[in-house]
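Student: Give the three-dimensional model of this entry:
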Amino acid sequence: MKYSITLALAILGLAFNTFSQMTNTLPLVSTTGKAIVYAQPDEALISFTVTTSDDDILVAKQKNASISRTTIEYLKKEGVNEKHIQTQYLTVGKNYRHDRNPQQKEFQATQNFSVCVTDLNSLEEIMTGLLGLEISNLGSPQFRSTELEMHKDKARIKALENAKHKASLMTNALDQTL
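Tutor: Sure thing, here's the model as predicted:
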């Protein structure tokens, strides 16, 4: 075991020594490049919750289901594709009222939604309409692009061009070739 480790270290040392000698004899210029590409978002992700409460757990859940159905119908009417409307999770549980009688229980049902809006011109109207419904929380939209990889590729190419330009300036100043 010791022998194989020593042999591997010797080979690595020899390879490093050879590389060091090569770089000492070759002129070397190292540069970096940066690029920023701005992209227009073409969709927005919004999330919201529907929360209902009642002294009866079934009533709380039924109220929640009714408001959720109304909300989904509204979104479809506004042109949101059904595949872009996703329910995240439903929680049902006890919520003790400490401000009144600590022994008195209230049940709460919460349904979370995630909606992708592909028509950004209708985003404000959709969000305003959701606020008019009986939803509990409406989060800020998250804007994104469906062509993100294409924009990243453009940024990479521009960064490489920037690095090449810097290297060209440096090699010209040193009377070297790139």
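Student: how about the strands in this protein?
Tutor: Ranges of strands in the chain, per DSSP state E, are 43-54, 85-96, 105-117, 137-138, 142-144.
Student: in its sheet, what does the last one sit against?
Tutor: What it means is strand 142-144. strand 43-54 (antiparallel) (DSSP bridges).
Student: same deal with the fourth one?
Tutor: For strand 137-138, the pairing partners within the sheet under DSSP bridges are strand 43-54 (antiparallel).
Student: Return the strand it pairs with as PDB; C-alpha atoms alone will do.
Tutor: Taking Å, rounded to 0.1, in the frame of the first residue of the first chain, the C-alpha atoms of strand 43-54 are listed here in PDB:
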ATOM      1  CA  GLU A  43     -43.800  34.900 -17.500                       C
ATOM      2  CA  ALA A  44     -44.500  35.500 -13.800                       C
ATOM      3  CA  LEU A  45     -45.000  33.100 -11.000                       C
ATOM      4  CA  ILE A  46     -47.500  34.200  -8.300                       C
ATOM      5  CA  SER A  47     -48.300  32.400  -5.100                       C
ATOM      6  CA  PHE A  48     -51.200  32.900  -2.700                       C
ATOM      7  CA  THR A  49     -53.100  31.100   0.100                       C
ATOM      8  CA  VAL A  50     -56.800  30.500   0.900                       C
ATOM      9  CA  THR A  51     -57.300  30.300   4.700                       C
ATOM     10  CA  THR A  52     -60.700  29.600   6.300                       C
ATOM     11  CA  SER A  53     -61.700  29.000   9.900                       C
ATOM     12  CA  ASP A  54     -64.700  27.600  11.700                       C
END
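Student: Buried residues in it, which are they?
Tutor: For strand 43-54, a neighbour-count test (16 or more other Cβ atoms under 10 Å) marks 43-44, 46-52, 54 as buried. From N, CA and C alone the C-beta is placed, and that goes for glycine too.
Student: Tell me which residues are up against stretch 60-78.
Tutor: The contact list for stretch 60-78 (Cβ atoms under 8 Å, 6 or more residues apart in numbering) reads 50-54, 82, 85, 87, 90, 92, 107-111, 113, 115, 122, 125-126, 129-130, 133-135.
Student: how distant is that stretch from the center of its chain?
Tutor: Chain-centre distance of stretch 60-78: 27 Å, with Cα atoms, centre = their mean, to the nearest Å.
Student: Who does the closest residue in space to Ala60 that isn't next to it in sequence form a beta bridge with?
Tutor: Closest residue to Ala60 apart from its sequence neighbours, by Cβ to Cβ, 6 or more residues apart in numbering: Asp54 at 4.0 Å. Under DSSP bridges, the beta-bridge partners of Asp54 are Phe107.
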